[in-house]
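J.: with the sequence up front, the predicted model follows.
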Amino acid sequence: MVKKRWVVFLAVAVILLLAVAPLMAGQSKGITVKDSKGNVFTFKSYPKRIVSLAPSNTEILFALGLDKYIVGVTNFCDYPAAAKKKAKVGDAFNVNVEKIVSLKPDLVVAQDSISPDAIKKLQNLKIKVFVLKEPKNFNDILNNIKLVGRATGKYSKAVSITNNMQ
């Protein structure tokens, strides 16, 4: 009798899961993250086309294993060596907005020290500009790595990197 109850219970549980799963999938709101400035971003999926507007951001993206998703970097991004092969989008003071738009990024990773006009232009064009705090100390660096990890689906890798750095 106990065995029969378990079979019925499992059958009902499976039926309920199968019935509810499509509803839960339809309610997905995507990935929501917040940058250093407190701006909230929601993605249907993690970014697949990323532009970096600072050498330190580029190094973080590569360290997180996002090489194949990086479509543009600044003229000064030269590490790792693979960064030299990415499309160039200017530098922190002379951002080539048209070039960035042509790369069709899902996300632009900037620092709060770059041209505010460039950030505003990109935002006005509905491009997501994820702003990181210009690091002033070691903890700022660790926080930036974790923020980029959250925004790109590489948070566990970011935690591993920051733990090793500490």
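T.: Alright, I've got the coordinates. The structure presented is a predicted model; accordingly, all values stated were derived computationally and were not measured.
J.: what's K99 in contact with, if anything?
T.: Residues in contact with K99 (C-beta atoms under 8 Å, 6 or more residues apart in numbering) are 72, 87-90. Quick note: C-beta positions are derived from backbone N, CA and C, even for glycine.
J.: so which of those residues comes closest to S115?
T.: G90 (9.3 Å; C-beta to C-beta).
J.: any idea how far that closest one lies from T42?
T.: 28 Å (C-beta to C-beta, to the nearest Å).
J.: same question for K136.
T.: K136 sits 29 Å away from T42, taking C-beta to C-beta as the criterion.
J.: quick check: I60 is in a helix.
T.: Yes. Judged by DSSP: H, G, I helix; E, B strand; the rest coil, I60 forms part of a helix.
J.: surely it is in contact with L147?
T.: No. In this structure I60 lies outside contact range of L147 using C-beta atoms under 8 Å: 9.1 Å.
J.: which of the two has more neighbours?
T.: I60 (25 against 22; other C-beta atoms under 10 Å).
J.: secondary structure class for the closest residue to that one other than its chain neighbours?
T.: Counting by C-beta to C-beta, 6 or more residues apart in numbering, I60 lies nearest to V148, which is 5.0 Å off, once chain neighbours are set aside. At V148, secondary structure determined by three-state DSSP is helix.
J.: look at G90 and T42 and report which has more neighbours.
T.: G90 (20 against 10).
J.: bridging residues for that one?
T.: V95 (DSSP bridges).
J.: that one: what's it in contact with?
T.: 74-75, 96, 99.
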